[in-house]
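S.K.: Need coordinates for the following:
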Amino acid sequence: MGRKSEKVEVNWSPCRKLDQEIRDFLKYVVAGLRVTTDVSRSDILLYCKYHNSLVVFAQAMPNSMAPLFRDFIVGRMVSPKEEPKIWEAVTEGKSGVRQLEILPGTAPVYQQAVPLKYKGKHIPVAAAIYTNLIEHERQRHRSPVFQKAVRCLQRMCCSGELRTCGELTPFTEWDGILYVNSKLTIKYMSGVAMNHYRRIGLLGELVGHRLVETGTRDAELVKAALSAGRCLEYEGEESGRLWVRKIVPMKCPEMLSIFKRMEAGRESRGFNGALILVHDATEEKLKEREIQVKNAMIQEIHHRVKNNLQTVASLLRMQQRRAQSPETKEALQEAISRILSISAIHEYLSHSSGRTINIKDVLKRIVGQTKELLSGEMPIKIYFDGADVYLPPQHTTACALIVNELLQNAIEHGQAGVPKPGEIMVELEDLGDEVRIQVRDNGVGLPPNFDPSKVSSLGLQIVNSLTQNELSGTFRLRREGDYTVAEIRFPKAIAKERENG
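M.R.: Here you go, the predicted structure:
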């Protein structure tokens, strides 16, 4: 279902002095952090010796519970005195445990320091597994099989044996856990997993039974993972429920009796079991389908609105051609231009399911429409230059109407009666916290003592109203050399607040 985690962060800089072979090994360790921290319900940090200090170079936060660290602390340096157990693990290869408070006044945390080895040799790197003391006590009272499986998972992670787990989607508190042995017999099943299997009609006790007896694809999927010797993820239906299953092959010699280990000889080095992590994605899929249907309906509505607006514009063009009065022709032309500006927004919305529109594309469309509507008797060149700026539809519509009105104003008042070829430039700028739109023309300019707030022009009134009421921005008209400049500025934050509100 694509539930990717962003709760693993790495900075390899502190490890740059280690051999490349060891750094490659550490990448395998990092790949196993996500599944290990989720199943263990613990935070995990990787420390590296850096001169006479320790530095955190990797950190994993669990998705299955609230993390113990509020933020990522990758790059933080600590002294041996601050982290004595980690220092012993890094410098002497000694494991250790202690209780501490991560934040003053918070619940105690159980810290386990695990030295890392590569090819049987100690390296100056250690893992620190942090577990809330309440969770630690809860784990101690769970099934011995589960406890062994967690310890096995942590050991395999620190040994780089979970290298194929890096692309698995996260495990959450709503996901179930099963542990099966090499004969595919269920040895442990969490309460959440029991609920998942009950929903598909398996009401009896499943622990102690073989996977094939469940009638699901579990046995087939586990065999495939064990045969491939790698973690695998599958999505498919079971009795009408959509399940996402992650299979993690396990090397847990402690799960075998001493007699079986003696008989097996070297078998303990191979996979002798597997974790099955089950996520029921049925409701998520239904919601996703509902959203897709709604988006399709909304897009269809926008498509029809666009078509209707273009039909209205065509009717007005017919009326314009029949009109005798120049004033009527001009009024109809302005109406057509405004309708097509709004139509352009609906056209973009009909092709997009996103909540934002790139205003650059819309303004280019407005400029193109204006060129098409220009009379051949007016030799005016219109240019556009702008950056990508994404706004919600409401604010994109306001900007489209504003630019349309400013273009019409520049053509009607700025260029009328001007003997030289006219030029109009539309510029869109992303100023970081603000957006600026300028329309420049080299026409007749502004009259003396011009006050835009007192102008009776409907177009400028529309610009003023939309800028202030829809965009919470400012509108200015001024003269710069040979150009009249109409400028609007508005904050991005206002647009985001209104969109979210």
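
S.K.: Would you mind identifying the next helix or strand past the helix or strand bottoming out on mean pLDDT in the chain?
M.R.: Every helix and strand of the chain was ranked by mean pLDDT, DSSP states H and E. The lowest is helix 258-264, at a mean of 46. The helix or strand immediately downstream of helix 258-264 is strand 273-280, counting by DSSP states H and E.

S.K.: Next SSE downstream of that next one?
M.R.: helix 282-322.

S.K.: which helices and strands sit right next to that next one?
M.R.: On a contact count with 3 or more C-beta pairs under 8 Å, 6 or more residues apart in numbering; DSSP states H and E, helix 282-322 meets strand 241-250, helix 326-350. (C-beta placed from N, C-alpha, C; glycine too.)

S.K.: quick one: it to helix 326-350, angle?
M.R.: Helix 282-322 runs at 160 degrees relative to helix 326-350, counting by axes from the mean of the first three to the mean of the last three C-alpha atoms, to 10 degrees.

S.K.: just checking, A89 is part of a strand?
M.R.: No - applying DSSP: H, G, I helix; E, B strand; the rest coil, one finds A89 to be helix, outside a strand.

S.K.: Just list the residues touching it, thanks.
M.R.: A89 makes contacts with Y47, S95, G96, A113, V114, P115, A126, as judged by C-beta atoms under 8 Å, 6 or more residues apart in numbering.

S.K.: highest average neighbour count across the helices and strands packed on helix 282-322?
M.R.: The highest mean neighbour count among these, using mean count of other C-beta atoms under 10 Å, belongs to strand 241-250: a mean of 22.

S.K.: Can you tell me which helices and strands that strand packs against?
M.R.: helix 144-158, helix 191-199, helix 218-228, strand 232-238, strand 273-280, helix 282-322.

S.K.: L460 touches E405, doesn't it?
M.R.: Yes - L460 lies in contact with E405 (C-beta atoms under 8 Å); the separation is 7.2 Å.

S.K.: Pick out whichever of those two has more residues nearby.
M.R.: Neighbours of L460 and E405, each counted by other C-beta atoms under 10 Å, are more numerous for E405; the result is 25 against 19.

S.K.: Now do the same for the more buried one: its pLDDT.
M.R.: The per-residue pLDDT reported for E405 equals 86.

S.K.: Spatially, what comes nearest to it if we skip its sequence neighbours?
M.R.: Spatially, and ignoring its direct neighbours in sequence, E405 is nearest to G459 (4.2 Å; C-beta to C-beta, 6 or more residues apart in numbering).

S.K.: what's near enough to touch that neighbour?
M.R.: Per C-beta under 8 Å, 6+ apart, neighbours of G459: E334, E405, L406, Q408, N409, E412.

S.K.: Show the contacting residues for the fourth one.
M.R.: Just to be clear, that refers to Q408. E334, S337, T370, G459.

S.K.: residue ranges with poor pLDDT in this structure?
M.R.: Applying pLDDT under 70 to the chain flags the ranges 1-6, 104-105, 256-269, 352-354, 375-378, 413-421, 444, 447-456, 493-501.

S.K.: how does it divide up, domain by domain?
M.R.: Following automatic domain parsing, one finds the domains of the chain at 1-143+150-161, 174-280, 282-354, 356-501.

S.K.: In TSV, list the ones you listed along with distance to E167.
M.R.: Formatted as TSV, those follow (distance: least, C-beta to C-beta, whole Å):
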stretch	distance to E167
domain 1-143+150-161	8
domain 174-280	8
domain 282-354	19
domain 356-501	30
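
S.K.: right, and C157 touches V29 too?
M.R.: Yes - assessed by C-beta under 8 Å, C157 is found in contact with V29 at 6.4 Å.

S.K.: before we move on, what SS does the residue sitting furthest away from the middle of the chain have?
M.R.: In the chain, the greatest distance from the average C-alpha position (C-alpha atoms, centre = their mean) is reached by Q324, at 57.7 Å. Secondary structure for Q324, judged by three-state DSSP, is coil.

S.K.: how close does it sit to A313?
M.R.: Distance of Q324 to A313, computed by C-beta to C-beta, to the nearest Å: 21 Å.

S.K.: Give the next helix or strand downstream of the helix or strand containing Q112.
M.R.: Secondary structure from DSSP H and E places Q112 in strand 109-118. Later in the chain than strand 109-118, the nearest helix or strand by DSSP H and E is strand 121-132.

S.K.: I'd like to know which elements the host helix or strand of Q438 is packed against.
M.R.: For Q438, the element it lies in under DSSP H and E is strand 434-441. Packing contacts for strand 434-441, counted by 3+ C-beta pairs under 8 Å, 6+ apart, involve helix 393-409, strand 422-430, strand 483-491.

S.K.: Which positions within that strand qualify as buried?
M.R.: Buried residues in strand 434-441, defined by neighbour count with 16 or more other C-beta atoms under 10 Å: V435, I437, Q438, V439, R440, D441.

S.K.: Return the distance of the fourth one relative to C158.
M.R.: Taken as C-beta to C-beta, the spacing of V439 relative to C158 amounts to 63 Å.

S.K.: again, but for the third one
M.R.: Computed with C-beta to C-beta, the distance linking Q438 and C158 is 60 Å.

S.K.: What of the second one?
M.R.: Applying C-beta to C-beta, one obtains 57 Å for the distance of I437 from C158.

S.K.: So what angle separates the directions of the host helix or strand of G459 and strand 434-441?
M.R.: With secondary structure defined by DSSP H and E, G459 is part of helix 458-469. Interaxial angle of helix 458-469 relative to strand 434-441 (the same axes, to 10 degrees): 170 degrees.

S.K.: For the following helix or strand past helix 458-469, which strands pair with it and how are they oriented?
M.R.: The helix or strand immediately downstream of helix 458-469 is strand 474-480, counting by DSSP H and E. Partners of strand 474-480 in the sheet, by DSSP bridges, are strand 483-491 (antiparallel).

S.K.: If I take the partner strand and helix 393-409, what angle do their directions form?
M.R.: Between the axes of strand 483-491 and helix 393-409, defined by the same axes, to 10 degrees, the angle is 170 degrees.

S.K.: what about dumping the CA coordinates of strand 483-491 to CSV?
M.R.: Provided in CSV are the C-alpha atoms of strand 483-491 (Å, rounded to 0.1, in the frame of the first residue of the first chain):
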residue,chain,number,x,y,z
TYR,A,483,6.7,51.8,-18.9
THR,A,484,3.5,51.9,-16.8
VAL,A,485,3.8,49.1,-14.2
ALA,A,486,0.8,47.5,-12.5
GLU,A,487,1.9,45.3,-9.6
ILE,A,488,0.2,43.0,-7.2
ARG,A,489,1.9,41.4,-4.2
PHE,A,490,0.4,38.9,-1.8
PRO,A,491,1.8,36.6,0.9
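
S.K.: Which of the residues in it are classified as buried?
M.R.: Y483, T484, V485, A486, E487, I488, R489, F490.

S.K.: now it against strand 422-430, angle please.
M.R.: Using the same axes, to 10 degrees: strand 483-491 against strand 422-430 is 20 degrees.

S.K.: need the contact list for E233.
M.R.: E233 touches E167, L168, T169, V244, R245, K246, I247, counting by C-beta under 8 Å, 6+ apart.

S.K.: Please disregard the earlier target; I meant N358.
M.R.: D388, V389, Y390.

S.K.: at 10 Å what do you get?
M.R.: N358 makes contacts with Y348, S352, K364, G386, A387, D388, V389, Y390, L391, T396, as judged by C-beta atoms under 10 Å, 6 or more residues apart in numbering.

S.K.: Sweet, I'm off.
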